[in-house]
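# sequence first, then the predicted structure:
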Amino acid sequence: MTEDEIKIVSRECLQGLDCLHSNHVMHRDLKSANILLGTDGSVKLADFGFSAQLTPEQSRRSSMVGSTWWMAPEVVKGQLYGPKTDIWSFGIVAIEMVEGEPPYWDRNSPSARLLIATKGTPELRQPKLLSSWLCDFLSCCLQTDEARRWSAKELLQHPFVTSAKPKASLVPLIVSLKEWKEKRRMRRPL
């Protein structure tokens, strides 16, 4: 995806996460497969099967749920965690939008969890090709110390996100993807 497209998807997803977190809900399985793009350019978060309602008595969790490659280090390590684990997961989604797959995708689940727990913030393949705003945005999402990681509300004020175009700008991307999928479907033998 282009940086302009990533900006729009980021803004829309962060608005959804801000709404969830403001209502004391963690998604806990944020990944690209759980982000839906509509033909009008709308972006929606989906699949709340692992979501957790937080309460004053239980404002953090420690269960290891979600999809390995998008898990935050604190989740992999079995530590207590809060809503900012969703921000880490979104940072991994952003890397996926840049590189086409999440870090450690070529590893099996146990190996990927070990790398997440020990290596910390994943390295980009070609960071010099990215704008300084995108690199800084990723850094804000992928702080290994959950306390230093930005919230969805803070990220919505980041220059990378505030410079996003209207969501209707995604329509050409979505239309071309639909056409590509239709052509692939038509080429498959019966």
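Perfect, I can see it now.
# which one's the longest helix in the protein?
In the chain, with assignment by DSSP state H, the single longest helix is helix 3-22.
# what is it packed up against?
strand 35-37, strand 43-45, helix 84-99, helix 132-141, helix 152-155, helix 159-162 (3 or more Cβ pairs under 8 Å, 6 or more residues apart in numbering; DSSP states H and E). C-betas here are computed from N, CA, C, even on glycine.
# so which of the ones you listed comes closest to Ser59?
Nearest to Ser59 among the helices and strands packed on helix 3-22 is helix 84-99; the distance by Cβ to Cβ comes to 12.0 Å.
# who's in contact with the longest helix of the chain?
1, 26-27, 30, 35, 37, 41-45, 51, 83, 86-87, 90, 93-94, 97-98, 130-131, 134, 137, 151-153, 155-156, 160-161, 163-167, 169-170, 173 (Cβ atoms under 8 Å, 6 or more residues apart in numbering).
# next SSE downstream of that helix?
Using DSSP states H and E, the helix or strand that directly follows helix 3-22 along the chain is strand 25-26.
# neighbouring strands - and their directions - for that following strand?
Strand 25-26 pairs in its sheet with strand 52-53 (antiparallel), by DSSP bridges.
# contact partners of the partner strand?
Taking Cβ under 8 Å, 6+ apart as the rule, strand 52-53 contacts His24, Val25, Met26, Arg28, Arg61.
# touching, the fourth one and Val65? I think so.
Going back to what we said before, that points to Arg28. Yes. Between Arg28 and Val65 there is a contact under Cβ atoms under 8 Å: 5.3 Å.
# have a look at the two and say which one is more surrounded.
Neighbour tally, Arg28 and Val65, criterion other Cβ atoms under 10 Å: the higher count belongs to Arg28, 25 against 15.
# any stretches of the protein with poor pLDDT?
190 (pLDDT under 70).
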